[in-house]
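**Q** A predicted structure for the sequence below; I have some questions about it.
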Amino acid sequence: MSSPGLSSPIGRLRLLGMAEGASFLFLLGVAMPLKYVAHRPEFVKYGGWCHGLLFILFLLAIFQAWADKQISFRQSVLAFIAAIVPFGPFFLDRKLQQIEPSGTPDAEEA
């Protein structure tokens with residue numbers, strides 16, 4: 001699995017998708033149980049704030065990739081749906097990996 005780069009809209013979309021997906025899993029798997037079992041709501045408060053910010057950035061990255069014609073409208077709708085499903089961004093990353101142009105100019109020379 002290649003690491004996404006920030007130089008392309010697809011790379012930014014992949015990176016933000018992974019971060020947003022991880023934050024969503026943190027909320028569901030760590031913060032919520034800590035809130036109700038250990039009575040520690042601050043994990044949900046701060047984790048939820050971070051997840052919300054990452055979600056908005058992910059939506060902006062979807063829009064940018066669509067506006068730059070890197071993904072189709074259908075793909076952008078599927079990306080949005082993936083953002084609201086647990087593990088969805090990780091499945092989306094596999095699809096985006098096939099779309100992303102091959103990395104840096106150095107990789108093309110080798």
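**A** Yes, it's here.
**Q** ok, and the closest non-adjacent residue to F26?
**A** The shortest distance from F26 to any non-neighbouring residue, by CB to CB, 6 or more residues apart in numbering, is to G47 (5.6 Å). (Glycine included, C-beta is placed from N, CA and C.)
**Q** name the helices or strands packed onto the host helix or strand of K35?
**A** Of the helices and strands defined by DSSP states H and E, K35 is found in helix 32-37. For helix 32-37, the contact count by 3 or more CB pairs under 8 Å, 6 or more residues apart in numbering; DSSP states H and E identifies helix 42-67 as packing neighbours.
**Q** the helix or strand just after the helix it packs on vs helix 42-67, what angle?
**A** Downstream of helix 42-67, the first helix or strand assigned by DSSP H and E is helix 73-83. Helix 73-83 runs at 170 degrees relative to helix 42-67, counting by axes from the mean of the first three to the mean of the last three CA atoms, to 10 degrees.
**Q** now helix 73-83: how far from the chain's centre is it?
**A** 11 Å (CA atoms, centre = their mean, to the nearest Å).
**Q** elements contacting it?
**A** Using 3+ CB pairs under 8 Å, 6+ apart: helix 73-83 touches helix 9-26, helix 42-67, helix 88-99.
**Q** distance check, the residue most central in space within the chain against F26.
**A** Nearest to the geometric centre of the chain sits G17, at 0.8 Å (CA atoms, centre = their mean). G17 sits 15 Å away from F26, taking CB to CB, to the nearest Å as the criterion.
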